[in-house]
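>>> Sharing a sequence plus its predicted fold:
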Amino acid sequence: MLDRYGLIGLFAIVAIIFPLIPLLLARFLRPRKPNRSKMETYECGLEFEDFPVEAQQVWVQFRIQYYIFALMFVVFDIEVVFLYPWAVAYNSLGLYALVEMIIFLVILVMALAYAWRKGQLEWV
Amino acid sequence: MDILNNLFPNIYNALNDFFHGLLRGANLRPDAESFIVSLIMGLIVVVFLVAISPFLMLSLTWVERKVVARIQNRLGPNRVGPWGIFQIFADMIKMLTKEDIVPANADRWVHFLAPVVTMIPITLILAVIPWGRGMAPADLNIGVLYVIALSSLGTVGIFMAGWGSNNKFALIGGMRAVAQIISYEVPQVLAIVAIVLLAGSLSLVDIVKLQGGWAGFRWFLFAIPVGPIAFVVYMISAIAEVNRTPFDLPEGESEIVAGHHTEYSGMKWGLFYMAEYLNLFVVCAIAATLFLGGWQGPLLPPWIWFFVKTLLLILIAMWVRGTFPRIRMDQLMKFAWQVLVPVALVNIVLTGLALPIFKAIGLI
């Protein structure tokens, strides 16, 4: 019996090759007739090159509020990392563990409440 | 009936014996022989699973088009074959023969790799799903964690598509997709914690085993009140995570053209499409495993039960798509953080409190 993680490894290799097969197949089947207007960036029918230079700049920096969500995600994901071992071992830990976890959750909920109060959970 | 029940494990064993028989003549050391056989068997299982996934996905697109058409009082595809069932092959041929247009300004490598990167993690999740009795390809003892870790990886591919296309619509779509997926990841994962608490195990196979008996009333869905709450939170976040209406803002065609795959055509676009439907299948399969008892069920073979439950959940997702309008981005984020996360957190504490009661009545 192959080790379970060995199977996952095999799966990973096949999963990486698998999406490349239709791409390769399509390479031989599809036509290839590029021209200038085809290769242009899609702008709802407007000519991209007529735009002023600063409007052609697409790779922009996003506003800072956006990253607050990423921070919140990291906080809660770390919480989850603690919650899973706790959940698995809960049966053998008893009431004490529940109280501990409630304290832990309350601290995190306070962070959520703070962000909520500050209006950081609003998408602007 | 018995043949059907154990169809796939029997085929597996027969093939296993066959390869052992083939190699016996080579007079290898016993451990070398079993290693080679398990390698071959592993490859067969993996290739089989990966090979059925496009057909799974293509038939899902057909089901979806039919169901949504009926909801909207249309007929849906009905030209190619009976009930339009060969539409799926027509679609496949069309995707393969479409010209692949890469914009001149795009980052070529990122643009090319994005659909591939989106596909990989979703395909990998198929490895731990218990498809039937004794039919989990890899019974990991951290199965749930594996699923969660991989399901959030798909975001990378979507963002690569948004960034690599060098198009404003694509970038906005990618940004939205990342914000949405990471926001809905949190309530989804917190809802699963309640199930892990009930089961006391992270292995998907164990979780299914625990839900057997009592004519279906030991499904975690019926662990009232915590089961239904966790199920609803999970399903809402799952639908949001696969970017389906009413949460399809990353590709909202009426505002940002097609979001992250605006600049994609041909098979690359096809891969995104495939990833989306495969993702839908995977989240529904995981929901069936965690809440609806996986392959447990009377009379029918276990693997058919598994597909019936999964298909039922997929139909619910399609029904939701046909019924609700798209919501706004700020409502979307608010809903995740201000409704679903608190509900899921309270649900965890409730589960911890209710666990002794469930034990007393023998539910778990």
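Great, that's in hand.

>>> Number of residues surrounding residue 117?
All of this refers to chain A. Look at residue A:117: counted by other CB atoms under 10 Å in any protein chain shown, it has 9 neighbours. (C-beta placed from N, C-alpha, C; glycine too.)

>>> The chain in question should be chain B.
Around residue B:117 sit 22 other residues, with neighbours defined as other CB under 10 Å.

>>> other SSEs contacting whichever strand or helix holds residue B:50?
Per DSSP states H and E, residue B:50 falls inside helix B:30-71. Using 3 or more CB pairs under 8 Å, 6 or more residues apart in numbering or on different chains; DSSP states H and E as the contact test, the elements touching helix B:30-71 are helix A:4-17, helix B:7-24, helix B:87-97, helix B:266-291, helix B:302-323.

>>> Against residue B:260, how distant is residue B:116?
Here residue B:116 is placed at a distance of 14 Å from residue B:260 (CB to CB, to the nearest Å).

>>> you'd agree residue B:303 is up against residue B:9?
No: no contact is recorded between residue B:303 and residue B:9 when judged using CB atoms under 8 Å, the distance being 9.9 Å.

>>> could you give the mean pLDDT of stretch B:140-150?
When the per-residue pLDDT values of stretch B:140-150 are averaged, the result is 86.

>>> where in the chain is pLDDT low?
I'll assume chain A. Within chain A, the stretches with pLDDT under 70 are A:1-2, A:44-49, A:52-57, A:124.

>>> Actually, chain B is the one I wanted.
When residues are selected by pLDDT under 70, those of chain B lie in B:1-2, B:214-216, B:253, B:364.

>>> centroid residue for it?
Averaging the C-alpha coordinates of chain B gives a centre point, and the residue nearest to it by CA atoms, centre = their mean is residue B:282 (1.2 Å).

>>> Help me confirm that that one comes into contact with residue B:122.
Yes: distance between residue B:282 and residue B:122: 6.0 Å, which falls inside the contact criterion (CB under 8 Å).

>>> Now do the shared contacts for those two.
With contacts taken as CB atoms under 8 Å, 6 or more residues apart in numbering or on different chains, residue B:282 and residue B:122 have residue B:151 as neighbours in common.

>>> residues in contact with the closest residue to the residue nearest to the centre of chain B other than its chain neighbours?
The shortest distance from residue B:282 to any non-neighbouring residue, by CB to CB, 6 or more residues apart in numbering or on different chains, is to residue B:125 (4.9 Å). With contact set as CB under 8 Å, 6+ apart, residue B:125 has these partners: B:146-147, B:150-151, B:282, B:286.

>>> Could you rerun that using 10 Å?
For residue B:125, the set of contacting residues under the criterion of CB atoms under 10 Å, 6 or more residues apart in numbering or on different chains consists of A:11, A:15, B:143, B:146-151, B:153-154, B:278-279, B:281-283, B:285-286.

>>> Report the separation between it and residue B:162.
According to CB to CB, residue B:125 stands 23 Å off from residue B:162.

>>> do the same with residue B:317
For residue B:317, the distance to residue B:162 (CB to CB) stands at 24 Å.

>>> Compare the two (neighbour count), which wins?
Taking residue B:317 and residue B:162 together and counting by other CB under 10 Å, residue B:162 has the greater number of neighbours (29 against 21).

>>> hang on, isn't the more buried one packed against residue B:272?
No: applying CB atoms under 10 Å as the test, residue B:162 and residue B:272 come out as separate, 11.6 Å apart.

>>> overlap in contacts of those two?
Common neighbours of residue B:162 and residue B:272, counting by CB under 10 Å, 6+ apart, are B:114, B:260-261.

>>> give me the number of residues near residue B:298?
With neighbours defined by other CB under 10 Å, the count for residue B:298 comes to 7.

>>> cool, residue B:362 as well?
A total of 9 residues lie near residue B:362 under the criterion other CB under 10 Å.

>>> secondary structure class for it?
coil (DSSP: H, G, I helix; E, B strand; the rest coil).

>>> any idea how far residue B:93 is from residue A:71?
Distance of residue B:93 to residue A:71, given as CB to CB: 47 Å.

>>> so does stretch A:110-124 get close to chain B?
Yes: against chain B, stretch A:110-124 shows contacts by CB under 10 Å from any CB of the partner chain at A:112-113, A:115-116, A:120-124.

>>> out of these, which are inside helices?
Judged by DSSP state H, the subset of those located in helices is A:112-113, A:115-116.

>>> Narrow the residues you listed to those that are buried.
Burial by neighbour count, judged by 16 or more other CB atoms under 10 Å in any protein chain shown, picks out A:112, A:115-116 from those.

>>> got these as a markdown table, with distance to residue A:97 columns?
Supplementary listing: these in a markdown table, determined by distance: CB to CB, whole Å:
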| residue | distance to residue A:97 |
| --- | --- |
| A:112 | 22 |
| A:115 | 27 |
| A:116 | 28 |
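
>>> nearest to residue B:200, of those?
Minimum separation from residue B:200 among these (CB to CB) is found for residue A:112, which lies at 27.3 Å.

>>> any idea how far the closest one lies from residue B:306?
As judged by CB to CB, residue A:112 and residue B:306 stand 37 Å apart.

>>> how far out from the middle of the chain is the host helix or strand of residue B:114?
Residue B:114 belongs to helix B:108-125 when elements are defined using DSSP H and E. Mean C-alpha position of helix B:108-125 versus that of the full chain (CA atoms, centre = their mean, to the nearest Å) differs by 16 Å.

>>> now that helix and helix B:30-71, what's the angle there?
If you take axes from the mean of the first three to the mean of the last three CA atoms, to 10 degrees, helix B:108-125 sits at 100 degrees to helix B:30-71.

>>> Please see if the next helix or strand after helix B:108-125 touches chain A.
Using DSSP H and E, the next helix or strand after helix B:108-125 towards the C-terminus is helix B:143-151. Yes: figure legend: helix B:143-151 in contact with chain A (CB under 10 Å from any CB); contacting residues B:143-146, B:148.

>>> any idea which of those residues is the one closest to chain A?
For chain A, the closest of these turns out to be residue B:145, at 6.4 Å, with distances computed as CB to the nearest CB.

>>> Please give me every residue in contact with the residue nearest to the centre of chain B.
B:53, B:56, B:121-126, B:129, B:147, B:150-151, B:154, B:238, B:242, B:310.

>>> Residue B:224 - how many residues pack around it?
Under the neighbour criterion other CB under 10 Å, residue B:224 is assigned a count of 11.

>>> pretty sure residue B:245 contacts residue B:332?
No: no contact is recorded between residue B:245 and residue B:332 when judged using CB under 10 Å, the distance being 12.0 Å.

>>> where does residue A:82 land in three-state SS?
Criterion first, three-state DSSP; result for residue A:82: helix.

>>> So it versus residue A:104, what's the distance?
Distance check for residue A:82 against residue A:104: by CB to CB, it reads 7 Å.
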